[in-house]
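> Here is my input; please provide its structure:
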Amino acid sequence: MLTLHILLILTLVPMIVSDFRRREVALVWLLAAGALAVCAGLWKSPWPIWLVNTGLNLGVGLLLLLTAAVTVRLRNRTRTFAATLPGGGDLAFAAVTAALFPPVAYVRYLLAGCVLALGWWLVTRRPTIPLVSMLALVLIPLLLWKSV
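Residues are numbered from 1 along each chain as shown. From the prediction side, this is the model:
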């Protein structure tokens, strides 16, 4: 399990760097992280439980995303609905990490990542938020903690 987590962390580093610099994430790193996340998730849970957990996580993530987008749209009518949504890389990364957690832990993970992103935005006030980087920065200590 430690090896899978270390390999997953190694795929997170280039994603963090590219997301901070260019607000984009390479597909190859997302695919590698996805494969490792599925392997790590299946390593600790039987596949039927893993499948249900991942499905629930994807549903909860979609619900949170839509709720946030609708809230932003209702509060700021000058922007289009599509402009309020996170980027494709952010969505793909959230889907990748859904394979790693049971539902309650996944919600806590997403909330911790969003709180970190909000704190980063309050300090920098940049127009975009590197959400993949923020979620990955929350994920790395979790993976190290779970490995020990």
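> alpha carbons only for contacts and neighbour counts from here, please
Noted.
> Return the list of helices and strands in contact with the helix or strand hosting A117.
For A117, the element it lies in under DSSP states H and E is helix 103-124. Secondary-structure packing of helix 103-124 (3 or more C-alpha pairs under 8 Å, 6 or more residues apart in numbering; DSSP states H and E): helix 47-75, helix 131-147.
> In the helix or strand encompassing V13, which of the residues would be classed as buried?
Taking DSSP H and E as the definition, V13 sits inside helix 2-22. By neighbour count with 16 or more other C-alpha atoms under 10 Å, helix 2-22 contains the buried residues 4-6, 8-9, 11-13, 15-20.
> what does the next helix or strand after that helix rub up against?
Counting by DSSP H and E, the next helix or strand C-terminal to helix 2-22 is helix 27-44. For helix 27-44, contacts defined as C-alpha atoms under 8 Å, 6 or more residues apart in numbering pick out 1, 4-5, 7-8, 11-12, 14-15, 50, 92-93, 96-97, 99-101.
> From I140, how far off is R21?
According to C-alpha to C-alpha, to the nearest Å, R21 stands 19 Å off from I140.
> re earlier: which residues sit against the helix holding V13?
Taking C-alpha under 8 Å, 6+ apart as the rule, helix 2-22 contacts 24-26, 29-30, 32-33, 36-37, 39-40, 130, 132-133, 136-137, 140, 143-144, 147-148.
> List only buried entries from those residues.
24-25, 29-30, 32-33, 36-37, 39-40, 130, 132-133, 136-137, 140, 143.
> looking at the chain, which helix or strand does the model trust least?
When each helix and strand of the chain is scored by mean pLDDT, DSSP states H and E, helix 81-84 comes last, with a mean of 60.
> between whichever helix or strand comes after that one and helix 27-44, how many degrees?
Using DSSP H and E, the helix or strand that directly follows helix 81-84 along the chain is helix 88-97. For helix 88-97 against helix 27-44, the angle by axes from the mean of the first three to the mean of the last three C-alpha atoms, to 10 degrees is 20 degrees.
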